[in-house]
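# pasting the sequence and the predicted model now:
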Amino acid sequence: MSLKRTPLYECHLEAGAKIVPFAGYEMPVRYTSDKDEHMSVRNDVGLFDVSHMGEVFIEGEEALKTVQMLFSNDAQKLSEGKSMYTGMLNDQGCFVDDCIVYCFSDRKFLVCVNASNRDKDVEHIKTVAKDFRVEVRDESEDWVQIAVQGPQARALVAEFTEKSAEISPFCFAELKMNIGDKSVKTLVARTGYTGEDGFELYVKNDEGKALWNALVEKGSKYKVACCGLGARDTLRLEAALRLYGNDIDENHTPLEAGLSWTVKLDAGNFVGKEALEKQKEAGIPKRMRGFKMLARGIPRKGYAVQNLEGKNIGVITSGTQAPYLNAPIAMGYVDTDNAAFGARVNIIIRDKPVEAELVRLPFYKRDEK
Amino acid sequence: MSIPNDLRYTKEHEWVRHEDGVFTVGITHHAQDQLGDVVFLELPDVGTAFSAGDAFGVVESVKAVSDLYAPLSGEVVEVNEALVEQPETINAEPYTSWLLKFKSDADFAKLLSADAYEGLLKAEA
């Protein structure tokens, strides 16, 4: 299968990005240095091309009912201009995907899905939607999505549309952005995947390059940096935002993943609800934990976790040397019986046990200003 | 991309210097560029004997874990402990950031010349 390119591909090449295959796309992994890009987002502002993410619209008379059935979080609390993070689960209560659902009205929703899951997500959504009077449209190929993240993100985006300053966290608006002499219709969402304040900007493909270039140009006074998938991964890991395929998948429930806050069992029926109720009653067998290293080593995805007696009790799902915290960090699952915070465990790194402590997530939380 | 002429190279993107019967090894500019920010090194102890091609250490970047391979058969005589403490130096100065020194009676000329290594990089590109 040949790899796809986002409409911003040439911009990345011109900026000297190193390109890697990711989820079927040729994507920039870094422009300069993972660490430098990471620090730019924590200290100033960074731009990410996230056009590979999928955009699926659910529209029609019973759109709200469809969204309620599809997602574990409570769609009732959504209203025009609000969004929510939620799991989309299978009958076993495990993740088909994790998504952000944007509400335009009770007749129109946008679901932002992971690129690697897009095809199966669309199939799943269409299957569930069969019982409702709605239309499901996969518009993933039509949209450029640019994430603007960091303490200067609001100032930078306000250069193009002052109204963006009025958007609260997890809310969005359809605004006209002034790019050169054009006025470009943009979905401006105050969401992100870095642990910083910021926006995700959705524009139609034709407008993508102009918007990216304008953000780079106007961003220079805010010390903007173009950022690749490398920095995106370390940023989200410091903030303990789950990554599908690493931390959550079709074998794990949101209760195990530490995402109970995205599950509203009292809010009405949804796919996977019965399985989650059963798991809650029977006891949640494993828990997502943070790991802080007590000896030298970097924990990585797939490494085994043992108790101090040498019994396997879990597995690391994401790990790295965290650039802002300047320390090795990891997330992973541990059997509930062994999951007490503060417990000492060994992570098996190249056949050797390396001691670590179970800690609460996230590792990094920005100061609320 | 710089490839000093006075060094020899391996197809695993390591450089080797030969001085008075002692061999010094590091990773190339290309290797550090592929890895990204280097954050961790695991090197064998002084006295460790190895055969050519053995995985004898590990270099980790933010994103990746890579084995280091012995360029020739030999025995470790010195490890760059200062580099272990500051592995990020490799990104800035790959050809002065040596990993370890070893003694060997193997034939240095078996390793790739700068020209041959440049050819390898072009073939991989």
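It's in.
# B:Glu42: neighbouring residues, count only.
Residues lying near B:Glu42 (other CB atoms under 10 Å in any protein chain shown) number 19. Yep, even glycine has a C-beta here, placed from its N, CA and C like the rest.
# what sits up against stretch A:8-25?
With contact meaning CB atoms under 8 Å, 6 or more residues apart in numbering or on different chains, stretch A:8-25 is reached by A:1, A:3-6, A:26-32, A:49, A:51-52, A:114-116, A:144, A:146, A:208-209, A:212-213, A:216, A:226, A:228-229, B:33.
# cool, and stretch A:303-316?
For stretch A:303-316, contacts defined as CB under 8 Å, 6+ apart pick out A:286, A:289, A:291, A:299-302, A:319, A:330-335, A:337-338, A:344-349, A:353, A:356.
# keep those, but drop any that are not near chain B.
With CB under 8 Å from any CB of the partner chain as the criterion, those include A:Arg300 near chain B.
# so which of the contacts of stretch A:8-25 are in helices?
Of the positions in the contacts of stretch A:8-25, A:208-209, A:212-213, A:216, A:229, B:33 sit in helices, assigned by DSSP state H.
# now, which of those residues sits nearest A:Met88?
Of all the ones in helices among the contacts of stretch A:8-25, A:Met88 sits closest to A:Leu229, with 22.7 Å by CB to CB.
# what residues are up against that closest one?
Neighbouring residues of A:Leu229 by CB under 8 Å, 6+ apart: A:20, A:22, A:27-30.
# leaving out sequence neighbours, find the closest residue to A:Asn338.
Once flanking residues are discounted, A:Asn338 sits nearest to A:Ile313: 4.4 Å by CB to CB, 6 or more residues apart in numbering or on different chains.
# what's the next secondary structure element after the helix or strand harbouring the one you found?
A:Ile313 is located in strand A:312-322, with elements delineated by DSSP states H and E. Going down the chain from strand A:312-322, the next helix or strand is strand A:327-335, by DSSP H and E.
# list the buried residues for that next one?
Neighbour counts over strand A:327-335 (16 or more other CB atoms under 10 Å in any protein chain shown) mark A:328-334 as buried.
# now stretch B:98-110
Quick answer for stretch B:98-110 (16+ other CB under 10 Å): B:98-102, B:104, B:106.
# for chain B, give the residue positioned nearest to chain A.
Closest residue of chain B to chain A, CB to the nearest CB: B:Val39 (4.0 Å).
# now that residue: phi and psi?
For B:Val39, the backbone dihedrals (degrees, to the nearest 10) come out as phi -130, psi -10.
# ditto for the one 3 residues further on
Here is the backbone geometry of B:Glu42 (degrees, to the nearest 10): phi -130, psi 120.
# for it, which non-adjacent residue is spatially closest?
Per CB to CB, 6+ apart, closest to B:Glu42 is B:Val58, 4.1 Å.
# looks like the one you found contacts B:Tyr69 (just checking).
No. B:Val58 lies out of contact with B:Tyr69 (CB atoms under 8 Å); the separation is 10.8 Å.
# which of the ones in helices among the contacts of stretch A:8-25 are buried? Put it as a ChimeraX command.
Filtering the ones in helices among the contacts of stretch A:8-25 down to the buried ones (16+ other CB under 10 Å) takes a single ChimeraX command:
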select /A:208,209,212,229
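# farthest-apart pair in the ones in helices among the contacts of stretch A:8-25, please.
Maximum distance among those (CB to CB): 28.2 Å, for A:Gly208 and B:Asp33.
# coming back round to it: ok, the residue nearest to A:Asn338 to chain B distance?
For A:Ile313, the distance to chain B equals 23 Å [CB to the nearest CB, to the nearest Å].
# repeat that for A:Asn43.
Going from A:Asn43 to chain B by CB to the nearest CB gives 17 Å.
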